[in-house]
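Enquirer: Sequence plus the predicted model coming up.
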Amino acid sequence: MGVGPEGVLNTIAKLTKTCTLHLSSDKLYFIVSDRAVNGGVTIWCELVQDNFFEEYQMDGLSVEFNDIYLDIPPDSIARALKTAQSAKSVKIKLTKKHCPYLTLDVELASLMSHSRVVTHDIPVQVVPHQLWGDHKEPSVPDFDVNKPTHNLPIL
């Protein structure tokens, strides 16, 4: 079984207080780019949405730029997702009250025929389109792994 969004967010929360969530039509990206003078942490995590959502509807900035970038608190979202582990359904949406929120509506099963809905409103910051270029996939060197095979017997 692979790592889901909650596990990724728990790991990121141990390293930083905020990260960027990039939503595209088919993937979720969790991005951390702490470029400190003495080094920093860089994380690039891609999750294919089909592996986690039965239904996924995302409307980005425009048809040409069908993406959303949000600066999020990973610990708060991981805690909200923990309550959703045994949920009948979870709806995640970007809402605006007095500021932007990532709202998670968690429908929990109950012993009665009624279900309960728990709502988590987590404040986020929408990353302006002009800053999207700051969140590009990092370049990594090509890996080359070799194992020396000394004195192999001839068959």
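Expert: Thanks, I have it. Residues are numbered from 1 along each chain as shown.
Enquirer: A helix includes Y101, no?
Expert: No. Secondary structure of Y101 (DSSP: H, G, I helix; E, B strand; the rest coil): strand, not part of a helix.
Enquirer: mind listing what it touches?
Expert: Listed by Cβ atoms under 8 Å, 6 or more residues apart in numbering, the contact set of Y101 reads L94, T95, D121, I122, P123, V124. Yep, even glycine has a C-beta here, placed from its N, CA and C like the rest.
Enquirer: In those residues, which residue is surrounded by the most others?
Expert: The member of these that has the most neighbours, counting by other Cβ atoms under 10 Å, is V124 with 21 neighbours.
Enquirer: Find the nearest non-adjacent residue to H120, please.
Expert: Sequence neighbours aside, A80 is the residue nearest to H120 in space, at 3.9 Å (criterion: Cβ to Cβ, 6 or more residues apart in numbering).
Enquirer: for the one you found, helix, strand, or coil?
Expert: Local secondary structure at A80 is given as helix here, using three-state DSSP.
Enquirer: Quick check, M58 in contact with H22.
Expert: No. With contact taken as Cβ atoms under 8 Å, M58 and H22 are classed as non-touching, separated by 11.0 Å.
Enquirer: Run through the bridge partners of the nearest residue to I68 once chain neighbours are set aside.
Expert: Sequence neighbours aside, L23 is the residue nearest to I68 in space, at 4.4 Å (criterion: Cβ to Cβ, 6+ apart). When bridges are taken as DSSP bridges, the partners of L23 come out as L28, I68.
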